[in-house]
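Student: let's see this in three dimensions:
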Amino acid sequence: MAKAYGVARLEKRIPMEMVVQISGHGEHPGMETTFTENVSSRGARVVTIRRWQTGDHLTFASLPGDFRTAARVAYCQSLRGRGFAIGVEFLEPAGRWVINPQPAWENR
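Tutor: Prediction:
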């Protein structure tokens with residue numbers, strides 16, 4: 001019997017719900033505001049209402065923060081009537097995930 005071997009992740013994903021915007025779907029243009037389930041510096045798992053194809057390219061942006069990147073869909077998994085989960089690989093990451101809070105002394 002043949003064994004299936006998966007490719008091990010180079011980095012551990014961190015469970016984190018972060019509001020993001022994705023766009024670039026070929027059949028359904030426009031921007032979708034949604035959230036991540038987990039993240040790493042190389043990619044994220046994102047919940048979406050659209051079915052994506054492996055290899056599709058999209059634009060990914062975090063809200064809040066100024067993190068922006070082109071990304072590639074690594075997989076698309078059905079969430080049984082609740083949309084889809086996509087794994088995205090960041091291709092050109094730039095910016096920060098979150099905005100650092102202002103020091104208290106600057107708010108006076």
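
Student: below-threshold pLDDT in the chain: ranges please.
Tutor: Applying pLDDT under 70 to the chain flags the ranges 1-10, 98-108.

Student: quick one: the strands in it?
Tutor: 14-15, 19-23, 31-39, 43-48, 57-62, 68-78, 84-90 (DSSP state E).

Student: center of this structure, which residue is that?
Tutor: With distances taken as C-alpha atoms, centre = their mean, the residue of the chain nearest its centroid is residue 44 (4.0 Å).

Student: chain neighbours aside, what residue packs nearest to that one?
Tutor: residue 36 (4.7 Å; C-beta to C-beta, 6 or more residues apart in numbering). To be clear about C-beta, it is placed using only N, CA and C from the backbone, and glycine gets the same treatment.

Student: on that earlier part again, any idea which of the strands of the chain is most buried?
Tutor: strand 43-48 (a mean of 22; mean count of other C-beta atoms under 10 Å).

Student: contact partners of that one?
Tutor: Residues outside strand 43-48 that contact it (C-beta atoms under 8 Å, 6 or more residues apart in numbering): 13, 20, 22, 32, 34-39, 60, 71, 74, 79, 82-90.

Student: next, the angle strand 68-78 makes with it.
Tutor: 60 degrees (axes from the mean of the first three to the mean of the last three C-alpha atoms, to 10 degrees).

Student: what sits against the residue nearest to residue 21 when sequence neighbours are not counted?
Tutor: Nearest residue to residue 21 in three dimensions, chain neighbours excluded: residue 61, at 4.7 Å (C-beta to C-beta, 6+ apart). By C-beta under 8 Å, 6+ apart, the residues touching residue 61 are 20, 21, 22, 67, 68, 69.
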